[in-house]
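> give the three-dimensional model of this entry:
(2 chains)
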Amino acid sequence: DGGITQSPKYLFRKEGQNVTLSCEQNLNHDAMYWYRQDPGQGLRLIYYSQIVNDFQKGDIAEGYSVSREKKESFPLTVTSAQKNPTAFYLCASSSPPAREQFFGPGTRLTVL
Amino acid sequence: LAKTTQPISMDSYEGQEVNITCSHNNIATNDYITWYQQFPSQGPRFIIQGYKTKVTNEVASLFIPADRKSSTLSLPRVSLSDTAVYYCLVGPDTGRRALTFGSGTRLQVQP
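You can find the predicted model right below:
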């Protein structure tokens, strides 16, 4: 089955530690995105990538980093510089001329 | 991207038709109107997209008046499983661009 996978589903981290969230897609999509969602809020864009080896900052990129070495993979690292990292993280992908983005199941990160 | 305004929450009962309206006064000529649905602890899911007049698919209808400054998502005969948050997005070429999600409309369907 084609789709987007994110792992792990739940992640706990101690303050001051970096952590990497995985996002893999087998849809052969060119573009991939990372969003953050806080309770009761909409989604905010962290980073996006339209093509391999290229990515752009979104609205809230500070404290995060990404890489796009392969078309199917777009991992997100939450660094210790992110002041309030506890949130629900969603990865998505798309490919024009498609009109929609396909979202993964999300990773819930909790900083202890 | 055009700013959108939609109700924070709505309540309904099973079997009723639900209409969620979204205002987008600054919609541009090349903007489409797209609706997503999100269940708790899941990623959003595309429902429907339109440019003008009416679009219908197996789950919903989208009504867009001639001036395109608003749109209405219509869910026929809702069930408990339609309880979710519904997001209205306005922008061009949404298949290739990063999306901007507002807070959405939280629909609660009662038995």
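
> now do the strands in the chain.
Since no chain was named, I'll use chain A. Applying DSSP state E to chain A gives strands spanning A:4-7, A:10-13, A:19-25, A:31-37, A:43-51, A:54-57, A:64-66, A:76-78, A:87-94, A:102-103, A:107-111.

> hmm, no, I was thinking of chain B.
B:9-13, B:18-23, B:32-38, B:45-50, B:53-56, B:61-64, B:70-75, B:84-91, B:105-110.

> so which of the ones you listed gets nearest A:Gln25?
Of all those, strand B:45-50 sits nearest to A:Gln25, with 15.4 Å by Cβ to Cβ. Using the backbone N, CA and C atoms, a C-beta is placed for each residue, glycine as well.

> give me the residues contacting the closest one.
Here strand B:45-50 makes contact (Cβ atoms under 8 Å, 6 or more residues apart in numbering or on different chains) with A:99-103, B:32-38, B:55, B:57, B:59-62, B:64, B:71, B:73, B:86, B:94.

> partner strands of it, parallel or antiparallel?
Counting by DSSP bridges, the strands paired with strand B:45-50 are strand B:32-38 (antiparallel).

> need the contact partners of the strand it pairs with.
A:99-100, B:22, B:24, B:27, B:44-51, B:60, B:62, B:64, B:68, B:71, B:73, B:84-94, B:101, B:104.

> which residues touch the residue in chain B positioned nearest to chain A?
Per Cβ to the nearest Cβ, B:Gly43 is where chain B lies closest to chain A, at 2.8 Å. Each residue near B:Gly43 by Cβ under 8 Å, 6+ apart is listed here: A:4, A:90, A:92, A:103-106.

> buried subset of those residues?
A:4, A:90, A:92, A:103-104, A:106 (16 or more other Cβ atoms under 10 Å in any protein chain shown).

> dig out what the residue nearest the centre of chain B forms beta bridges with.
Most central in chain B under Cα atoms, centre = their mean is B:Trp35, positioned 3.6 Å from the mean C-alpha point. Counting by DSSP bridges, B:Trp35 forms beta bridges with B:Ile48, B:Cys88.

> flag every residue of chain A that's near chain B.
A:4, A:31, A:33, A:35, A:40-45, A:48, A:50, A:58, A:88, A:90, A:92, A:94-106, A:108 (Cβ under 8 Å from any Cβ of the partner chain).

> show me which of the contacts of strand B:32-38 are buried.
A:100, B:22, B:24, B:27, B:44-50, B:60, B:62, B:64, B:68, B:71, B:73, B:84-91, B:94, B:101, B:104.

> okay but B:Thr100 is in contact with A:Leu45, surely?
Yes: with contact defined as Cβ atoms under 8 Å, B:Thr100 reaches A:Leu45; the gap is 7.4 Å.

> could you list the low-pLDDT ranges of chain A?
For chain A, applying pLDDT under 70 flags the ranges A:1-2, A:97-98.

> so for it, the centremost residue is which one?
Residue closest to chain A centre, computed by Cα atoms, centre = their mean, is A:Trp34 at 3.1 Å.
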